[in-house]
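Trainee: Build me a model from this:
(2 chains)
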Number of protein chains: 2
Amino acid sequence: MTISMYAASVPVFKQMLGGLSAVLRKAEAHAAERKIDPNALLQARLYPDMFPLLRQVQVAADFAKSVSARLAGVDVPRMEDSELTFADLQARIAKTLAFIGGLAAADIDVASDRQVMTQAGTPKEKIFTGQSYLLNYGLPHFFFHVTTAYDILRHNGVEIGKKDYVGTY
Amino acid sequence: MTISMYAASVPVFKQMLGGLSAVLRKAEAHAAERKIDPNALLQARLYPDMFPLLRQVQVAADFAKSVSARLAGVDVPRMEDSELTFADLQARIAKTLAFIGGLAAADIDVASDRQVMTQAGTPKEKIFTGQSYLLNYGLPHFFFHVTTAYDILRHNGVEIGKKDYVGTY
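Mentor: Numbers count the residues shown, from 1 in each chain, chains lettered A, B, ... in the order given. Sure thing, here's the model as predicted:
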């Protein structure tokens, strides 16, 4: 009657990244139909010191990747933040999905008590249990960036809805 | 090495509602300091057919309340959506925190296989297991509204940060 660490991590990331991918496809189509420069959306932000759409997507993918990797006890794969286009962002999401899809559920399921360190070697260094790292830190940050990417696009008039956001499961 | 249903629900809602409460306190102070009509923030939205801040907070509180109640197998308490001010929203959050704080962890811990029905009697009626209801539906929707409330305030220049959003845990 409990939840496995795997069920609360990788499938949730897959679901939401799938939704984010669909949202971005609609945004790209929206720009093409209306002859809008894709960068008008990719570089859009809700406030000058917030990340633009492109960076929100990179960071969302980063949280999915790094949280899953740390829980599985494997190295976090390095991905260059070299994306410039919607196609690049789709590739980044696909690469992230392939990575987390390749992690062994059994490795993550033993992670609830695994010690996870974030921002190691910096003044913000913090040690979590695997469970707290996922529930109190990883999921809140991941959902933040997925939602903010969606909010940026809604704010710019792209016709997407909650159903797109929430993905399929 | 597994997670309890309780750990993945009530404490996460508490953490994030605490963060939302802090964010709203900063927003109220921001308006007072600058002699901004509080309604300029409370009624702000990111797009004409999106909910304004006030409604985003009500819906976030609703998800915390209804997901927790359904998992615990108790009736979802009715709360009138009569809030008009920042103080009203703080009271709504406090009432929600008191309700979910009063649920027995043991009742929620047995909920992973409990059948949960949403939108009963409507064409959108859907049956979930407790686990799927929480992970694939409840948390994504809850985080959506908490984040969008934050995004509306950031978009309006309120000085809040990720640290406020993520609350204390």
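Trainee: For the rest of this, base every contact and every neighbour count on C-alpha atoms.
Mentor: OK.
Trainee: Excluding covalently adjacent residues, which one is nearest to A:Tyr47?
Mentor: B:His155 (5.2 Å; CA to CA, 6 or more residues apart in numbering or on different chains).
Trainee: Tell me how many other residues crowd the one you found.
Mentor: 19 (other CA atoms under 10 Å in any protein chain shown).
Trainee: again with A:Asn156
Mentor: Around A:Asn156 there are 17 other residues, counting by other CA under 10 Å.
Trainee: ok, the nearest residue to it once chain neighbours are set aside - how many residues close by?
Mentor: Leaving aside its chain neighbours, A:Asn156 sits nearest to A:Leu41 (7.4 Å; criterion: CA to CA, 6+ apart). Look at A:Leu41: counted by other CA under 10 Å, it has 22 neighbours.
Trainee: so how far is the helix or strand containing A:Leu41 off the chain centroid?
Mentor: Secondary structure from DSSP states H and E places A:Leu41 in helix A:38-42. Its chain's C-alpha centre and that of helix A:38-42 lie 19 Å apart, by CA atoms, centre = their mean, to the nearest Å.
Trainee: Which strands or helices does the next helix or strand along the chain from it pack on?
Mentor: Per DSSP H and E, helix A:38-42 leads on to helix A:53-72 as the next helix or strand towards the C-terminus. Helices and strands touching helix A:53-72, by 3 or more CA pairs under 8 Å, 6 or more residues apart in numbering or on different chains; DSSP states H and E, are helix A:10-33, helix A:38-42, helix A:86-101, helix A:105-109, helix A:139-155.
Trainee: Tell me the residues of chain A that contact chain B?
Mentor: Contact residues (CA under 8 Å from any CA of the partner chain) of chain A with chain B: A:1-5, A:8, A:12, A:15, A:46-47, A:109-113, A:131, A:135-137, A:140-141, A:143-144, A:147-148, A:151, A:154-157, A:166, A:169.
Trainee: Mind giving me the PyMOL command for buried ones among these?
Mentor: The buried residues among these can be selected in PyMOL (16 or more other CA atoms under 10 Å in any protein chain shown) with this line:
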select buried, chain A and resi 1+2+3+4+5+8+12+15+46+109+110+111+112+113+131+135+136+137+140+141+143+144+147+148+151+154+155+156+166
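Trainee: Next one: A:Ala106 relative to A:Ala72, how far apart?
Mentor: 8 Å (CA to CA, to the nearest Å).
Trainee: Settle it for me: which of these two has more neighbours?
Mentor: A:Ala72 (24 against 12).
Trainee: mind listing what the residue nearest in space to the middle of chain A touches?
Mentor: By CA atoms, centre = their mean, chain A has its centre lying nearest to A:Ala60, at 2.5 Å. Applying CA atoms under 8 Å, 6 or more residues apart in numbering or on different chains to A:Ala60 gives the contacts A:His141, A:Phe142, A:Phe143, A:Phe144, A:His145, A:Val146.
Trainee: ok, now with 7 Å
Mentor: By CA atoms under 7 Å, 6 or more residues apart in numbering or on different chains, A:Ala60 lies in contact with A:Phe142, A:His145, A:Val146.
Trainee: So which of these is surrounded by the most neighbours?
Mentor: Using other CA under 10 Å as the neighbour test, those are led by A:Val146, with 27 neighbours.
Trainee: Nearest residue to A:Gln58 in space, please, no chain neighbours.
Mentor: With CA to CA, 6+ apart as the criterion, A:Gln58 has its nearest non-adjacent residue at 7.1 Å, and that residue is A:Asp81.
Trainee: Got the confidence number for A:Ile127?
Mentor: Here, the pLDDT recorded for A:Ile127 equals 93.
Trainee: any idea whether it is helix, strand or coil?
Mentor: strand (DSSP: H, G, I helix; E, B strand; the rest coil).
Trainee: Pull the contacting residues for A:Ser132.
Mentor: Neighbours of A:Ser132 in contact, by CA under 7 Å, 6+ apart: none.
Trainee: repeat that with 8 Å
Mentor: Contacts for A:Ser132 (CA under 8 Å, 6+ apart) come out as A:Ser112.
Trainee: could you say which helix or strand contains it?
Mentor: Using DSSP H and E, A:Ser132 sits within helix A:130-132.
Trainee: quick one: that helix to chain centroid distance?
Mentor: Computed by CA atoms, centre = their mean, the chain-centroid distance of helix A:130-132 equals 18 Å.
Trainee: Mean confidence (pLDDT) on it, please.
Mentor: On average, helix A:130-132 scores 95.
Trainee: okay, and the helix or strand of chain A with the least pLDDT?
Mentor: strand A:115-118 (a mean of 89; mean pLDDT, DSSP states H and E).
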